[in-house]
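S.K.: Here is my input; please provide its structure:
(2 chains)
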Amino acid sequence: MLVVATISFSEIVRLFFFNLSWRVNLNGVEVGPDSTQGFREIRYFAANGWEQVHIVGLIWSVVMLVMLALWWLDQVRAGAVLRAVGTDELAAQSSGINLTMVKVAAMTGGGVIAGIGGGLFAHSTTYVDHHTFVILLATFAVSYPIIGGLRSVMGTLFAVIFIQGFIIEGLRFMGDYRNLIFGLLIILVMNLRPQGLLDGNLMLDMKKLLSRLKKGDKADA
Amino acid sequence: MLEVRNLVKHFGGVRAVDGLDFKIQQGEVFGLIGPNGSGKSTTVNLVCGVFAPTDGEILLDGIDLGAIAPHNRVDAGVARTFQNIRLFNDLTVWQNLWVAWRDQPGHEQGWVSNWFGRSPARRQEIQKLLEFSGLGDKADHLAGNLAFGEQRRLELARAMASKPKLILLDEPAAGMNSTEIKDLCQRVLAMKKMGMTVLLVEHVMELVMNVTDRITVLNFGKPIAQGTPIEIQNNKLVQEAYFGSAENAHGGVS
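M.R.: Down below sits the predicted model:
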């Protein structure tokens, strides 16, 4: 339900900006959203002489920072509470968790991350318009965690790289057939591995393997 | 300590609980029994706030629980277990307790360290509770991977993690074999010894008759008898509610 509501809300926002024209004169240049033309001339990077490699570097550093923050969140009680609410709302409420507070906090945190992503996107393409944020993008965004594992940060990152890097870019020569492959992938994952590629059990196994390797190193030394 | 006054809950035309009164004394184990559909589980759900009552009052130490939001009832001192086990399956065993954890009164951690800290002292306390529950060596297992009996014990431990004054056990012996039931009896009695008050909703008489101090029997949402386990066993009305009346047994076959 939340997915449907989120997608509908993104469509409302998109249509709002499709109609919004609000131009401001800044140092002799008209800037701001211009309905169908979108918000153009976001030229901070270009104006300050950033090169492609700098922008890529910035984007990946931000990705790493966000991943680090999410990993940290998973180590503290707040993370456990988030997972608890995701697993069983009634049990969480009966354990004294304020469901509304946790859900609003989670939505806010997601919004912050999406906002950072949107800002980076706007700056690297120099413009944002309503064409970019159609339902297809929302569908992709929802599919990443489904394929990667709804409860795993690494899984989601893996899914983004796999879908964007391999299916969208790597198979570009296949044209629109890529959408079929994408759909097939979702059907396959939801049938064969509904919990996503990386789930709690797999993560725990990997952790155990890691600690065993560490212990092995110590024994050697 | 817990006082239920004229509690009524209707679901549409069904009167699940229909004028229930009882009082639980501090430190006792109070049994709520009755045939299927007599309103026992509904009563538990009303006390911990899953449903709002149609009418009546629930008082905990004189405080009206109806005015307290469900999640705040834990801080008021009410914790529960579920009839069908509801654990946080993809959290580890100790994290399940961590989510529900409340520090000892007077030793509460600040807001930041409560949500974003990893206090080793708290982790030790959790480990102690796990050891009490016989789960000491399973702390890092996923809750969903535990055996059935262990999951039941973990749920009980999770309820105890919030340091409740009153603990509601909704059919804790469901699906247990007799060894596990004997173990559960010991646990309930140990909880009583620790000063907790227990409301036990149960079908399994082996458990109810061995651990409770007093019992209320429900039938069709109404209390039909109240007393000590011995009194209840010898009560005519109770026998009729469970087994049918003697008249039907002798003359009913035509």
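
S.K.: Relative to chain B, which residue of chain A is the closest?
M.R.: For chain A, the residue closest to chain B is A:Gly96, as judged by C-beta to the nearest C-beta, at 3.0 Å. For glycine as for every other residue, the C-beta is placed from the backbone atoms N, C-alpha and C.

S.K.: how much space between that residue and A:Leu185?
M.R.: For A:Gly96, the distance to A:Leu185 equals 40 Å [C-beta to C-beta, to the nearest Å].

S.K.: With neighbour numbers in mind, choose between the two.
M.R.: Counted by other C-beta atoms under 10 Å in any protein chain shown, A:Gly96 and A:Leu185 do not tie: A:Gly96 has more neighbours, with 22 against 17.

S.K.: Which positions in chain A make contact with chain B?
M.R.: Applying C-beta under 8 Å from any C-beta of the partner chain, one finds that chain A approaches chain B through A:75-78, A:80-81, A:83-84, A:87-88, A:90-99, A:151, A:199-201, A:204.

S.K.: B:Asn6 - that's part of a strand, no?
M.R.: Yes. B:Asn6 forms part of a strand when assessed by DSSP: H, G, I helix; E, B strand; the rest coil.

S.K.: Could you give the number of residues near it?
M.R.: Number of residues near B:Asn6 (other C-beta under 10 Å) recorded here: 12.

S.K.: Show the contacting residues for it.
M.R.: B:Gly19, B:Leu20, B:Asp21, B:Asp55, B:Gly56, B:Glu57 (C-beta atoms under 8 Å, 6 or more residues apart in numbering or on different chains).

S.K.: The helix or strand bottoming out on mean pLDDT in chain A packs against which elements?
M.R.: The weakest-scoring helix or strand in chain A, judged by mean pLDDT, DSSP states H and E, is helix A:200-220 (a mean of 76). In terms of contacts (3 or more C-beta pairs under 8 Å, 6 or more residues apart in numbering or on different chains; DSSP states H and E), helix A:200-220 is not packed against any helix or strand.

S.K.: List the contacts of that helix.
M.R.: A:Arg151, A:Ser152, A:Met154, B:Asp90, B:Thr92, B:Leu142, B:Gly144, B:Asn145.

S.K.: do that again at 10 Å, thanks
M.R.: A:74, A:83, A:87, A:149, A:151-155, A:193, A:195-196, A:198, B:89-92, B:140-145 (C-beta atoms under 10 Å, 6 or more residues apart in numbering or on different chains).

S.K.: In ChimeraX, how would I select the buried members of those residues?
M.R.: Here is the ChimeraX selection string for the buried members of these, based on 16 or more other C-beta atoms under 10 Å in any protein chain shown:
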select /A:74,83,87,149,151,152,153,154,155,195,196,198 /B:89,90,91,92,141,142,143,145
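
S.K.: What residues does the closest residue to the residue of chain A closest to chain B other than its chain neighbours make contact with?
M.R.: Counting by C-beta to C-beta, 6 or more residues apart in numbering or on different chains, B:Val74 is the residue found nearest to A:Gly96 once chain neighbours are left out, at 3.0 Å. Contact analysis of B:Val74 by C-beta under 10 Å, 6+ apart lists A:93-97, B:48-49, B:68, B:80, B:100, B:102, B:159, B:161-164.

S.K.: got the CA positions of the least confident helix or strand of chain A in PDB?
M.R.: Below are the C-alpha coordinates for helix A:200-220, written out as PDB (Å, rounded to 0.1, in the frame of the first residue of the first chain):
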ATOM      1  CA  GLY A 200      19.300 -11.900   7.000                       C
ATOM      2  CA  ASN A 201      20.400 -15.500   6.900                       C
ATOM      3  CA  LEU A 202      22.900 -14.900   4.100                       C
ATOM      4  CA  MET A 203      24.300 -11.800   5.800                       C
ATOM      5  CA  LEU A 204      24.700 -13.700   9.100                       C
ATOM      6  CA  ASP A 205      26.500 -16.500   7.300                       C
ATOM      7  CA  MET A 206      28.800 -14.000   5.700                       C
ATOM      8  CA  LYS A 207      29.500 -12.400   9.100                       C
ATOM      9  CA  LYS A 208      30.300 -15.700  10.600                       C
ATOM     10  CA  LEU A 209      32.700 -16.500   7.700                       C
ATOM     11  CA  LEU A 210      34.300 -13.100   8.100                       C
ATOM     12  CA  SER A 211      34.900 -13.600  11.800                       C
ATOM     13  CA  ARG A 212      36.200 -17.100  11.200                       C
ATOM     14  CA  LEU A 213      38.700 -15.600   8.600                       C
ATOM     15  CA  LYS A 214      39.700 -13.000  11.100                       C
ATOM     16  CA  LYS A 215      40.300 -15.600  13.800                       C
ATOM     17  CA  GLY A 216      42.300 -17.600  11.300                       C
ATOM     18  CA  ASP A 217      44.500 -14.600  10.600                       C
ATOM     19  CA  LYS A 218      45.200 -14.200  14.300                       C
ATOM     20  CA  ALA A 219      46.100 -17.800  14.700                       C
ATOM     21  CA  ASP A 220      48.500 -17.500  11.900                       C
END
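
S.K.: And that helix, how far out from the chain middle?
M.R.: 28 Å (C-alpha atoms, centre = their mean, to the nearest Å).

S.K.: still on that earlier bit, in strands, which of the contacts of B:Val74 fall?
M.R.: Cross-referencing the contacts of B:Val74 against strands under DSSP state E gives B:Arg80.
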